[in-house]
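**Q** Okay, structure incoming, though there's no sequence with it:
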Ligand SMILES: CCCCCCCCCC(=O)SCCNC(=O)CCNC(=O)[C@H](O)C(C)(C)COP(=O)(O)OP(=O)(O)OC[C@H]1O[C@@H](n2cnc3c(N)ncnc32)[C@H](O)[C@@H]1OP(=O)(O)O
Ligand SMILES: Nc1ncnc2c1ncn2[C@@H]1O[C@H](COP(=O)(O)OP(=O)(O)OP(=O)(O)O)[C@@H](O)[C@H]1O
Ligand SMILES: O=C(O)CCC(=O)C(=O)O
Ligand SMILES: [Fe+2]
Ligand SMILES: [Mg+2]
């Protein structure tokens with residue numbers, strides 16, 4: 001790992017936590033790039049003009065809130081992510097800031113570092129090998145259609161969805177990722193999620209409710225599941241049961257880009273393998289932090305703040321500190337986030 005960068009990021013974190021840094025962030029309205037409205041008669045609000053998406057692809061995302069690009073990431077790159085994730089699971093390396101989650105059904109007493117007990121690697125922004133994913137030109141090219149040219153990688157995850165133990169805890173309840181994010185506007189945020197192997201209903205593929213990105217951020221809470229629920233796996237209680245549920249069958253390297261309001265989740269992993277996915281949430285660096293007080297995100301914000309303080313042994317870190325620490329610029333310049 002780059003020692004200079006790590007120490008300078010630690011410095012940034014400490015500066016923030018010290019309260020020395022000015023906390024006022026001015027909310028800039030998102031600037032739309034591209035050609036004048038007369039050139040593009042269609043009204044697009046979820047995508048930007050940059051000659052990457054075809055008209056058909058743009059219309060699809062506007063209408064559905066997601067877009068799948070087949071075979072976008074190479075086998076060679078995926079192999080590298082796989083190798084590095086195995087090193088992390090074995091604790092051969094412990095990248096700064098990274099956390100590892102085990103499934104709620106695995107007691108701590110049975111925890112021995114291995115790929116078999118890790119359900120998720122989170123916040124790999126300081127692991128140069130995994131973070132390469134967020135800087136791949138083929139990923140960034142598409143991301144820019146949603147964020148514009150100043151791009152921040154805000155949240156990174158490598159999901160290692162374990163075979164279900166029989167308690168159904170491998171379900172990921174239906175949710176909107178925006179629930180976890182204290183920044184806006186939502187249309188300037190996008191998730192890239194790449195299948196690291198074939199995924200279908202048998203190993204718990206991604207499930208989406210098309211078009212739900214047009215609705216509001218719904219209240220989330222822990223689902224009432226008998227077998228237990230993983231920490232922070234909040235779900236939406238009152239989604240429209242009539243909304244089509246689409247199971248996305250994907251091959252290794254296929255990548256979905258989706259809107260943070262799109263309702264999605266994943267089913268049980270009924271296979272014997274660990275279903276692997278690498279993902280990142282990107283945002284326009286012009287996005288601004290919002291105050292969660294009085295919103296339906298107030299509780300989750302507090303919980304995340306507490307978790308962050310616990311993990312780093314801090315007393316007064318704010319949610320903004322946490323996201324400032326996580327975020328890393330991948331293109332253009334760092335602005336508000
Ligand atoms: C966050 C932004 C997300 C935005 C995008 C959408 C995300 C979608 C939903 C998510 O995945 S949210 C992210 C979930 N990740 C986290 O919340 C933070 C990363 N996780 C961690 O850092 C660790 O897994 C954690 C701090 C939760 C526990 O690590 P430890 O090494 O401290 O585990 P340990 O075995 O010592 O257990 C400490 C406590 O955590 C509990 N625990 C551990 N793993 C758990 C689990 N999987 N589910 C529920 N509880 C769990 C464990 O039972 C125990 O409870 P008690 O303190 O009451 O004894
Ligand atoms: N009855 C339900 N109530 C709420 N959410 C559900 C329900 N059934 C499934 N889901 C959610 O829908 C998504 C996809 O699950 P789905 O049931 O379609 O997958 P599955 O592969 O059929 O799994 P299983 O066979 O375990 O039901 C997940 O996010 C899951 O949590
Ligand atoms: O890959 C999955 O199972 C979905 C994970 C997900 O939606 C999330 O972590 O936010
Ligand atoms: Fe999600
Ligand atoms: Mg089902």
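**A** All right, it came through fine. Only a predicted model underlies this, so the values are computations on that prediction, with no experimental measurement involved. Residues are numbered from 1 along each chain as shown. Ligands and ions are numbered 1, 2, ... in the order given.

**Q** how about low-confidence regions in the protein?
**A** The chain contains residues with pLDDT under 70 at 1-42.

**Q** ok, 80 please
**A** 1-42, 107-113 (pLDDT under 80).

**Q** Secondary structure element holding the closest residue to residue 73 other than its chain neighbours?
**A** Using Cβ to Cβ, 6 or more residues apart in numbering and skipping residues adjacent in sequence, the residue nearest residue 73 is residue 253, 4.6 Å away. To be clear about C-beta, it is placed using only N, CA and C from the backbone, and glycine gets the same treatment. Assigned by DSSP states H and E, residue 253 belongs to neither a helix nor a strand.

**Q** Would you mind listing the residues in contact with residue 253?
**A** 70-75, 78, 194-195 (Cβ atoms under 8 Å, 6 or more residues apart in numbering).

**Q** Just the buried residues of those residues.
**A** Burial by neighbour count, 16 or more other Cβ atoms under 10 Å: within the contacts of residue 253 this picks out 72-73, 78, 194-195.

**Q** of these, closest to residue 260?
**A** residue 194 (17.2 Å; Cβ to Cβ).

**Q** related to what we said a few turns ago, mind checking which of the buried ones among the contacts of residue 253 are in strands?
**A** 194-195 (DSSP state E).

**Q** Show me which of the buried ones among the contacts of residue 253 is closest to residue 259.
**A** Among those, and counting by Cβ to Cβ, the member closest to residue 259 is residue 194, at 16.9 Å.

**Q** Which stretches in the stretch 101-250 of the chain count as helices?
**A** 128-135, 137-147 (DSSP state H, counting those that start in this stretch).

**Q** quick one: which of those is nearest ligand 1?
**A** helix 128-135 (14.4 Å; Cβ to the nearest ligand atom).

**Q** Need the buried ones among the contacts of residue 253 in CSV (columns: distance to residue 58).
**A** Converted to CSV, the buried ones among the contacts of residue 253 look like this (distance: Cβ to Cβ, whole Å):
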residue, distance to residue 58
72, 17
73, 22
78, 27
194, 21
195, 23
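
**Q** ok, the closest residue to ligand 2 within the stretch 51-200 of the chain - contacts?
**A** Distance from ligand 2 to each residue of the stretch 51-200 of the chain (Cβ to the nearest ligand atom) is smallest for residue 171, at 4.1 Å. By Cβ under 8 Å, 6+ apart, the contact list for residue 171 reads 164, 204, 225, 265-268.

**Q** now, which of these lie within strands?
**A** 265-266.

**Q** Pick the one among the contacts of residue 171 closest to residue 337.
**A** residue 265 (26.4 Å).

**Q** Quickly list what the closest one is bridged to.
**A** residue 207 (DSSP bridges).

**Q** That one - how many residues pack around it?
**A** Neighbour count of residue 265, defined by other Cβ atoms under 10 Å: 20.

**Q** Let me know the distance separating it from ligand 1.
**A** 10 Å (Cβ to the nearest ligand atom, to the nearest Å).

**Q** where's that residue relative to residue 138, distance?
**A** Distance, residue 265 to residue 138, using Cβ to Cβ, to the nearest Å: 26 Å.

**Q** List the contacts of the closest residue to ligand 3 within the stretch 151-300 of the chain.
**A** Residue of the stretch 151-300 of the chain nearest ligand 3, by Cβ to the nearest ligand atom: residue 266 (3.3 Å). Residue 266 makes contact with 161, 171-172, 204-207, according to Cβ under 8 Å, 6+ apart.

**Q** Quick check: the residue lying closest to residue 245 once chain neighbours are set aside vs residue 201, distance?
**A** Spatial nearest neighbour of residue 245, excluding adjacent residues (Cβ to Cβ, 6+ apart): residue 207 at 5.7 Å. Using Cβ to Cβ, residue 207 is found at 9 Å from residue 201.

**Q** Quick check on the two: which one has the bigger neighbour count.
**A** Neighbours per residue, other Cβ under 10 Å: of residue 207 and residue 201, the larger number sits with residue 207, 18 against 14.

**Q** just checking, the more buried one touches residue 262?
**A** No. Contact criterion Cβ atoms under 8 Å: residue 207 and residue 262 do not qualify, at 10.8 Å.

**Q** shared neighbours of residue 207 and residue 201, anything?
**A** 247, 267.

**Q** Can you name the residues that contact the most centrally placed residue in the chain?
**A** Nearest residue to the geometric centre of the chain (Cα atoms, centre = their mean): residue 281, 4.0 Å. Going by Cβ under 8 Å, 6+ apart, residue 281 touches 153-156, 177, 181, 189-191, 260.

**Q** closest one to residue 60 among the helices of the stretch 101-250 of the chain?
**A** Per Cβ to Cβ, nearest to residue 60 of the helices of the stretch 101-250 of the chain: helix 137-147, 12.0 Å.
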